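Q: Let me see the structure of the following:
(4 chains)
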2 protein chains.
Amino acid sequence: MNIEKSILSEIYKGMSFSCEEALFIESKLEKLELKKGATLLKNGETVLHQYYVYNGCVRTYFMDRSGKEHTLQFAVNDWWISDYTGFFSSTKAIMNIEIIQDATLYKISRKDTEALFCEIPRLETFFRKKMEGAFASFQQRILASLATSAKERYVSFIGLYPQIEQRVKNYHIASYLGITTESLSRIRKELTQE
Amino acid sequence: MNIEKSILSEIYKGMSFSCEEALFIESKLEKLELKKGATLLKNGETVLHQYYVYNGCVRTYFMDRSGKEHTLQFAVNDWWISDYTGFFSSTKAIMNIEIIQDATLYKISRKDTEALFCEIPRLETFFRKKMEGAFASFQQRILASLATSAKERYVSFIGLYPQIEQRVKNYHIASYLGITTESLSRIRKELTQE
DNA sequence: TAAATTTATTACCATACATCAATTTTTGAG
DNA sequence: CTCAAAAATTGATGTATGGTAATAAATTTA
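A: Next comes the predicted model:
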């Protein structure tokens, strides 16, 4: 139980809970250990869970009609990930979630997420603030895609997420930046020549 | 007071309040009537408020180094708008907020927003759910920018937001889609020819 | 360590969209 | 209603990034 208690202090950093509360929260979380290459969620499945990434690396990606993959998000330590379009409305996934580096995750259902907010309202506040940060990041990403070149976006990405860059393939990064792996390769070459 | 009460039933559709609660909420909201062309917020100012759009039309845009404008968001009836990157962290705006059609707005400060959540927790739930919807929309927009052509994004935009399309200039739409006004013009021509 | 597989690079050509410069059409102030 | 200003369109040309194909480098597996 001490070990379990420590995961709550990771997930809900800065918060403290009564023993009763901690037990209640833990009863809703399920630990998963997954290997690289595993699929957490497939396009078309109902999105029932979101996942807290304790370690490892995970991504969500969309596959278009022509079969090209487009990475929406990477998640490493202390991020939450899901197909939120489906999760929030309990509808079908439009994306896939893939483990790209062996990972330890904690999963929780939509229903249990709401139950926790209901029982322990300060969890709702905690989560809202996390979401505010993620919301702002997505806005910045849209602005970047509107206002900057592929090269600038790549430089900004490796500055912002050095821990991700080291752990994922270049073709993952290219699909996140919205360019081909060949274009990324050319950009990387230019950068080394500067 | 009856008139004022009705605005709460617009803003917080589906919720009901005691008389005391209604007065408390109203005390935090300030009504604004603004003309087309007015600026609500300028790049560099501290973001202290968010705005509920009762009617009219508002947009947030980013101006890049070369002077080009990039529209992040339009807001019409029943949308909230602000520079959320700044609002959530009470830091400086990176965007501008412009009235593009005479508008009636209700503004509330970050501090008062938090005070409302604290006093009336179900407002926090209400707001969280609104934000979940907005969050999902932004994710979809990123996916669209990664996976689809300008023409597809335009067709999708007018299908999704017909009420906005009628009220804004084509160059606003172009700056939202991430293309030039000339390119949008050519796309429109192709569509009429099909 | 060698072989097989995956990933990254490079070259050459194609395309979507940008830029620049008129011109036409629409809007709105007086 | 008129006319000036704003917005949209069009044509000619430029550029960033895409597509294809071949090769090289890195990683995984046997």
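Q: ok, the residue of chain A found nearest DNA strand D - contacts?
A: The nearest approach of chain A to DNA strand D comes at A:Ser183, 3.0 Å away (CB to the nearest atom of the strand). Any C-beta I mention is one placed from the backbone N, CA and C, and that applies to glycine too. By CB atoms under 8 Å, 6 or more residues apart in numbering or on different chains, the residues touching A:Ser183 are A:150, A:174.
Q: quick one, strands of chain A?
A: For chain A, the strands defined by DSSP state E cover A:30-34, A:39-41, A:49-63, A:69-75, A:80-81, A:96-109.
Q: what packs against the second one?
A: In this case it means strand A:39-41. On a contact count with 3 or more CB pairs under 8 Å, 6 or more residues apart in numbering or on different chains; DSSP states H and E, strand A:39-41 meets strand A:49-63, strand A:96-109.
Q: And for the fifth one?
A: Here strand A:80-81 touches strand A:49-63, going by 3+ CB pairs under 8 Å, 6+ apart.
Q: tell me the angle of the strand it packs on relative to strand A:96-109?
A: Counting by axes from the mean of the first three to the mean of the last three CA atoms, to 10 degrees, strand A:49-63 lies at 160 degrees to strand A:96-109.
Q: and the longest helix along chain A, anywhere near DNA strand D?
A: In chain A, assigned by DSSP state H, the helix with the most residues is helix A:121-147. No - for helix A:121-147 and DNA strand D, the contact criterion (CB under 7 Å from any atom of the strand) is not met; the two come no nearer than 10.0 Å.
Q: okay, and the helix or strand of chain A with the least pLDDT?
A: Averaged element by element with mean pLDDT, DSSP states H and E, chain A has its least confident helix or strand at helix A:2-11 (a mean of 75).
Q: Around the nearest residue in space to A:Glu33 that is not next to it in sequence, count how many other residues there are.
A: Closest residue to A:Glu33 apart from its sequence neighbours, by CB to CB, 6 or more residues apart in numbering or on different chains: A:Thr104 at 5.6 Å. For A:Thr104, the count of nearby residues is 15 (other CB atoms under 10 Å in any protein chain shown).
Q: For A:Glu124, see how far away A:Met131 is.
A: 10 Å (CB to CB, to the nearest Å).
Q: Could you tell me which residues touch both of the two?
A: By CB under 8 Å, 6+ apart, the residues touching both A:Met131 and A:Glu124 are B:Arg128.
Q: Show me which residues of stretch A:112-122 are buried.
A: By neighbour count with 16 or more other CB atoms under 10 Å in any protein chain shown, stretch A:112-122 contains the buried residues A:112-113, A:116-117, A:120.
Q: what residues does chain A put near DNA strand D?
A: Of all the residues in chain A, those in contact range of DNA strand D (CB under 7 Å from any atom of the strand) are A:149-151, A:178-180, A:182-183, A:187.
Q: Please identify which of the buried residues of stretch A:112-122 is nearest to DNA strand C.
A: A:Thr113 (33.0 Å).
Q: who touches the nearest residue to that closest one once chain neighbours are set aside in this structure?
A: Distances taken as CB to CB, 6+ apart place A:Gln50 nearest to A:Thr113, at 6.8 Å, with adjacent residues excluded. Shown in contact with A:Gln50 (CB under 8 Å, 6+ apart): A:80-82, A:84, A:87, A:107-108, A:110, A:113.
Q: Just list whatever residues bridge to the closest residue to A:His172 other than its chain neighbours.
A: Sequence neighbours aside, A:Thr71 is the residue nearest to A:His172 in space, at 5.8 Å (criterion: CB to CB, 6+ apart). Beta-bridge pairing of A:Thr71 under DSSP bridges involves A:Tyr61.
Q: separation between A:Gly67 and B:Ser145?
A: Separation of A:Gly67 from B:Ser145 (CB to CB): 19 Å.
Q: Of the two, give the one with the bigger neighbour count.
A: Neighbour count, other CB under 10 Å: between A:Gly67 and B:Ser145, B:Ser145 has more, with 18 against 6.
Q: ok now do the more buried one, which residues does it touch?
A: By CB under 8 Å, 6+ apart, the contact set of B:Ser145 is A:142, A:145, A:178, B:153, B:178.
Q: Okay, it and B:Ala174: tell me how far apart.
A: From B:Ser145 to B:Ala174 the distance is 14 Å (CB to CB).
Q: Repeat that for A:Leu8.
A: 48 Å.
Q: if you count what's nearby, which of these two comes out ahead?
A: Just comparing A:Leu8 and B:Ala174: by other CB under 10 Å the higher neighbour count belongs to B:Ala174, 21 against 18.
Q: quick one on the thing from earlier: now, which of the buried residues of stretch A:112-122 lie within helices?
A: Using DSSP H, these in helices are A:112-113, A:116-117.
Q: Look up the closest residue to A:Val101, ignoring the ones flanking it.
A: No, residue A:101 isn't Val; it's Gln. Using CB to CB, 6+ apart, the nearest residue to A:Gln101 is A:Cys57, at 3.8 Å.
Q: burial count for the closest residue to A:Gly133 other than its chain neighbours?
A: If the residues on either side of it in the chain are set aside, A:Gly133 comes closest to B:Phe88, at 7.1 Å by CB to CB, 6+ apart. The number of residues packed near B:Phe88 is 19, by other CB under 10 Å.
Q: Correct me if wrong: B:Phe88 contacts A:Ala134.
A: No - counting by CB atoms under 8 Å, B:Phe88 does not reach A:Ala134; the two are 10.2 Å apart.
Q: Hmm, A:Gly159 and A:Glu165 touching each other?
A: No - using CB under 8 Å, A:Glu165 is not in contact with A:Gly159, being 9.3 Å away.
Q: Tell me how many other residues crowd A:Leu48.
A: 17.
Q: what do you get for A:Asn55?
A: A:Asn55: 12 surrounding residues under other CB under 10 Å.
Q: For A:Leu8, which residues are in contact?
A: Per CB under 8 Å, 6+ apart, neighbours of A:Leu8: A:17, A:22, A:25-26.
Q: can you tell me which of these are in helices?
A: Those of these mapping onto helices are A:22, A:25-26, per DSSP H.
Q: Write out the residues of chain A neighbouring chain B.
A: A:62, A:64, A:68, A:70, A:72, A:84-85, A:88-89, A:94-95, A:117, A:121, A:124-125, A:127-128, A:131-136, A:138-143, A:145-148, A:175, A:178 (CB under 8 Å from any CB of the partner chain).
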